[in-house]
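# Here is my input; please provide its structure:
(one chain, ligands or ions: 1)
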Amino acid sequence: MSRIPRFLEHLKTGFTAEAVSAARYRAYAVKAEQDRQPNLARRWRSLAEAKDALAIEMLQAAEQVRGLHADLGNALSEERYENDILYPKMIRDTGGASGNEHTANVFLRVVAAQKEHLRQLESLREETNAAEGDVALPAGVDRGSAASAPES
Ligand SMILES: [Fe+2]
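Predicted structure coming up:
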């Protein structure tokens, strides 16, 4: 197996570090909300967004963001790997008599959610094979603040 160049490895490590920080800060924001500290929650979320931006910058610098088909292909193979190999292995490892039932259940819920994500990615790929230009935005997908999102 050929090793990836050192600078790409570092960009990947930086991407993962900042992406993890962003997710962690969002978890802290949820906790702050539960503790009725909405301003603290906003501060965590705002920091999380800044971390996302750094993560994005490093993934782009690593040339890992290449557009439609390459990105979908990557997302699909990541989800398949996690669903078919990563989580099942961890579930086997944490379940059972000597294991941690609670953790095993967390992983089971994650896999169930991931299967739905995989289904969405697959239908996205079918749509993009058929569509010219942008894909449609089904009901239930947050329109967000994307400048190009049409009013409907
Ligand atoms: Fe995933």
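# Tell me how many other residues crowd the closest residue to V110 other than its chain neighbours.
Sequence neighbours aside, Y87 is the residue nearest to V110 in space, at 6.3 Å (criterion: CB to CB, 6 or more residues apart in numbering). Using the backbone N, CA and C atoms, a C-beta is placed for each residue, glycine as well. Y87 has 16 neighbouring residues, counting by other CB atoms under 10 Å.
# pLDDT at A131, what is it?
A131 carries a pLDDT score of 68 in this model.
# tell me which element R119 falls in.
helix 101-130 (DSSP states H and E).
# Against which helices or strands is that helix packed?
helix 68-81, helix 87-94 (3 or more CB pairs under 8 Å, 6 or more residues apart in numbering; DSSP states H and E).
# quick one: average pLDDT of the longest one?
Computed over helix 68-81, the mean pLDDT rounds to 95.
# can you check the last one too?
The pLDDT scores in helix 87-94 average 89.
# State the distance from the closest residue to A104 other than its chain neighbours to L8.
Nearest residue to A104, sequence neighbours excluded (CB to CB, 6+ apart): G95, at 3.9 Å. G95 sits 36 Å away from L8, going by CB to CB, to the nearest Å.
# could you dump the helices and strands packed on helix 101-130 to CSV with distance to V110?
Below are these laid out as CSV (distance: least, CB to CB, whole Å):
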stretch, distance to V110
helix 68-81, 11
helix 87-94, 6
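# Quick one: list the elements packing against the one helix or strand in the chain whose mean pLDDT sits lowest.
Every helix and strand of the chain was ranked by mean pLDDT, DSSP states H and E. The lowest is helix 87-94, at a mean of 89. The contact analysis (3+ CB pairs under 8 Å, 6+ apart) places helix 87-94 against helix 101-130.
# what angle do the helix it packs on and helix 68-81 make?
Helix 101-130 and helix 68-81 are oriented at 150 degrees to each other (axes from the mean of the first three to the mean of the last three CA atoms, to 10 degrees).
# tell me which residues in helix 101-130 are buried?
Using 16 or more other CB atoms under 10 Å as the test for burial, helix 101-130 gives A104, F107, V110, V111, Q114, L118, L121, L124, R125.
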